[in-house]
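**Q** next come a sequence and a model predicted from it.
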Number of protein chains: 4
Amino acid sequence: MAQTPSTRDRLVTQAALLFQRKGYHGVGMAEILDAAQAPKGSLYHHFPNGKSDLALAAAHFAADQMLQILDASFKDADSLRDGVTTFCYKLAKLFDINDKWIGCPVSATLFESPTNTEFRQATCDIFQMWLDATVRHATSKGATEAKARALADALWMTLQGAWSLSRVRGSSDPIKTVPALVLRDE
Amino acid sequence: MAQTPSTRDRLVTQAALLFQRKGYHGVGMAEILDAAQAPKGSLYHHFPNGKSDLALAAAHFAADQMLQILDASFKDADSLRDGVTTFCYKLAKLFDINDKWIGCPVSATLFESPTNTEFRQATCDIFQMWLDATVRHATSKGATEAKARALADALWMTLQGAWSLSRVRGSSDPIKTVPALVLRDE
Amino acid sequence: MAQTPSTRDRLVTQAALLFQRKGYHGVGMAEILDAAQAPKGSLYHHFPNGKSDLALAAAHFAADQMLQILDASFKDADSLRDGVTTFCYKLAKLFDINDKWIGCPVSATLFESPTNTEFRQATCDIFQMWLDATVRHATSKGATEAKARALADALWMTLQGAWSLSRVRGSSDPIKTVPALVLRDE
Amino acid sequence: MAQTPSTRDRLVTQAALLFQRKGYHGVGMAEILDAAQAPKGSLYHHFPNGKSDLALAAAHFAADQMLQILDASFKDADSLRDGVTTFCYKLAKLFDINDKWIGCPVSATLFESPTNTEFRQATCDIFQMWLDATVRHATSKGATEAKARALADALWMTLQGAWSLSRVRGSSDPIKTVPALVLRDE
DNA sequence: AATGAATGAGCTTTCATTCAT
DNA sequence: AATGAATGAAAGCTCATTCAT
């Protein structure tokens, strides 16, 4: 049943991975096309605005993946603590199997320049989506609305920092310390 | 008494600023040369290895600046809480006067590609320098060695994330929440 | 029927001519692009490795031209002496109509540096191709295999030197003395 | 008694070697200065016209060396054949100890472009100097003036070609065949 | 939807040279 | 005689994009 992914899908998948590793300006179109095994000219059919369209699509794709990991982590969790911990350890594993060098798939992809408002807005929207989902999961595990919001904020901010530190140190340990840091009050 | 800075110094200063805003690959040599009012050919006299040498020098320069802000914040602080808070608010102000779009000056400058071990090592060294200084300040304000270490780790990791979030939101608020997050146990 | 040559063909032709006159390092890409009336970016579409790819293509193109001149010289020749003499005089004419400043199209193009093994191997292959063809023509005119080999060796070595001397003196006379030098035993 | 060579001498020696290996355009001033351990700014004191002056000095220096080898080869020679053979074998040895990649020190250094008349004239003068010396040695060994001239012409032309072929093949064998080729009539 | 050639602005870097000291 | 900083033109090459088919 496993179909060969379409050219468009391959482009998005590979772009997401590459941008996440080397940043928007660190990846060239040729590299993406090569990784996706896509012919040179076909890109602008799928993404009329070229690289920026592709980056946005890649960021949204990666954001959805992240959301799925979050949902899966909380689905079978017995507690808030359990859900957060599972989520962070899943991300730590993802980090390890990606050469210990991936960061937040969205900020790595969409931090392009101070003046790119389209990218900034998209990043903001995605972060809000993640925060909202986290709040939902936290309240479903018994947290108050206020506590859920505070936890979600702390979780995602700390995760951003943990990704940076993990890359620098070449170890997923910082990511694994996130639950302890954000759940101290529990 | 204020002397005109040397060409080399102007290059480092401007490069530090630009890399911090747009990342290593997001800044071209021409842009740096232009900002530093330096002629094209003179760069490779001071930095034989070109852009990468300049980026390393810029990162170390920015790292020292950060250290000075840290030292100044703790010098007149009455307590650990006071020092951390002053430090974060100084950074928040720095963020605001820089178009609300600067991140960690080191990771923005030296996150180039997974395989660049020289950059990764330099980043690691600078982070350690920051952590060591923070531990020193914390113990001098009465914290135990263990507590000082834990605080330093949490502070710098959370700061990394706060910078990201502040950029996304166009507001220094996330940076200002860092003290509360890392000092909850005090 | 004469079609406009393709961009690729124009690049190869002009590159062959320019390299032959000024050597690999003496010709810039801009000069070749200009001579071929080709836009800057198109070169790396046809020659992904840039200048070195183009030089190899140019050398092979020039080598084939040389082979055609050799074949034509021997085709209607009544004797070995006749073929060799016709060949050298054709080359002398070519030298004269090229500002009296062209050398061996292959060594001028591919003598780049001692460590460039790819260029050295290509040069070696082309020389062998010329030698083999010469041996074939010589035997077809009645020479023994051994004599044919000795003649081919002497011819091409002497020709190399004659080109050098002709350039220095600004006269095709040295080239015209080659038949006498290599056919003394006939 | 062995003095440290002057900066000027070191520049000429190293330039001669480098030009001979990589050609005039294949060697940069920085490379020469580095090889000669000479400070950047001092070159234009010794060679006001820069690279071209240095190349001319290097070519003349190498030409004199060649003349000394020629003289030494004929000084103790019992016959014309003996002198020519010794000379070629000395050159073959020189070729071998120089990574099997040196050519005529003069044409490699001074073949710059078709329009450089100063270089062309210098090359012509040096070749004439070599030819004259060879004629002198040949007549001193009993050859007639006419025979001596013919031999000198053949010797130097064949040598030029032999150097090319030796470089291509990475073997001094072609150089060693020169005596046989030019002395067939003896 | 797909293709490969074309495009020229832009990239980082190297060039031979000149300057003030 | 020597020095190292300065200089900008030019080097070879890559860029994201567009075009005709």
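**A** Arrived safely, thanks for sending. As the structure is a prediction and not an experimental result, all values here were calculated from the model.
**Q** which one is the most centrally placed residue in chain A nearest to, not counting chain neighbours?
**A** Taking C-alpha atoms, centre = their mean as the criterion, residue A:105 is the residue nearest the geometric centre of chain A, at 3.9 Å. Nearest non-adjacent residue to residue A:105, counting by C-beta to C-beta, 6 or more residues apart in numbering or on different chains: residue A:62, 3.5 Å away. In this view, the C-beta of every residue, glycine as well, is placed from N, C-alpha and C.
**Q** check residue A:171 too.
**A** residue A:100 (6.8 Å).
**Q** touching, that neighbour and residue A:173? I think so.
**A** No. Residue A:100 lies out of contact with residue A:173 (C-beta atoms under 8 Å); the separation is 10.5 Å.
**Q** which neighbours do the two share?
**A** Jointly contacting residue A:100 and residue A:173 under the rule C-beta atoms under 8 Å, 6 or more residues apart in numbering or on different chains are residue A:166.
**Q** find me the pLDDT at residue A:41, would you?
**A** For residue A:41, the pLDDT comes out at 82.
**Q** how many residues are close by it?
**A** Close neighbours of residue A:41, defined as other C-beta atoms under 10 Å in any protein chain shown, add up to 8.
**Q** residue A:17 too?
**A** For residue A:17, the count of nearby residues is 18 (other C-beta under 10 Å).
**Q** repeat that for residue A:131.
**A** Using other C-beta under 10 Å: residue A:131 sits among 16 other residues.
**Q** that one against residue A:159, yeah?
**A** No. Under the criterion of C-beta under 8 Å, residue A:131 is not in contact with residue A:159, lying 11.5 Å apart.
**Q** on that earlier part again, check contacts around the residue nearest to residue A:171.
**A** Residue A:100 touches A:166-167, A:170-172, counting by C-beta under 8 Å, 6+ apart.
**Q** show the pLDDT at it.
**A** 94.
**Q** distance from the chain centre to the helix or strand in which residue A:118 is found, please.
**A** Using DSSP states H and E, residue A:118 sits in helix A:117-140. The gap between where helix A:117-140 is centred and where its chain is centred comes out at 11 Å by C-alpha atoms, centre = their mean, to the nearest Å.
**Q** which residues touch the nearest residue to residue A:138 once chain neighbours are set aside?
**A** Excluding the flanking residues, the one nearest residue A:138 by C-beta to C-beta, 6+ apart is residue A:148, at 3.6 Å. Contact analysis of residue A:148 by C-beta under 8 Å, 6+ apart lists A:134-135, A:138-139.
**Q** please, which helix or strand holds residue A:148?
**A** Per DSSP H and E: helix A:145-169 holds residue A:148.
**Q** list the buried residues for that helix?
**A** Across helix A:145-169, burial judged by 16 or more other C-beta atoms under 10 Å in any protein chain shown covers A:147-169.
**Q** again with stretch A:57-73
**A** A:57-63, A:66, A:70, A:73.
**Q** how long is stretch A:131-150 end to end?
**A** Start to finish, the residues bounding stretch A:131-150 are 10 Å apart (C-alpha to C-alpha, to the nearest Å).
**Q** correction: stretch A:134-153
**A** 9 Å.
**Q** any idea of the mean pLDDT for that stretch?
**A** 96.
**Q** so what's the residue count around residue A:125?
**A** Neighbours of residue A:125 (other C-beta under 10 Å): 15.
**Q** quick revisit: okay, buried residues for the helix holding residue A:118 please.
**A** Buried, per 16+ other C-beta under 10 Å, within helix A:117-140: A:119-120, A:122-124, A:126-127, A:130-131, A:133-135, A:137-138.
**Q** picking that back up, looking at the contacts of residue A:148, which is nearest chain C?
**A** Chain C lies nearest to residue A:134 out of the contacts of residue A:148, by C-beta to the nearest C-beta, at 47.3 Å.
**Q** my guess is the closest one contacts residue A:155, does it?
**A** Yes. Residue A:134 sits in contact with residue A:155 when judged by C-beta under 8 Å, with a separation of 6.2 Å.
**Q** need the helices for chain A, in chain order.
**A** Under the criterion DSSP state H, helices of chain A are mapped to A:7-22, A:29-35, A:43-46, A:51-75, A:80-97, A:105-110, A:117-140, A:145-169, A:173-176, A:178-182.
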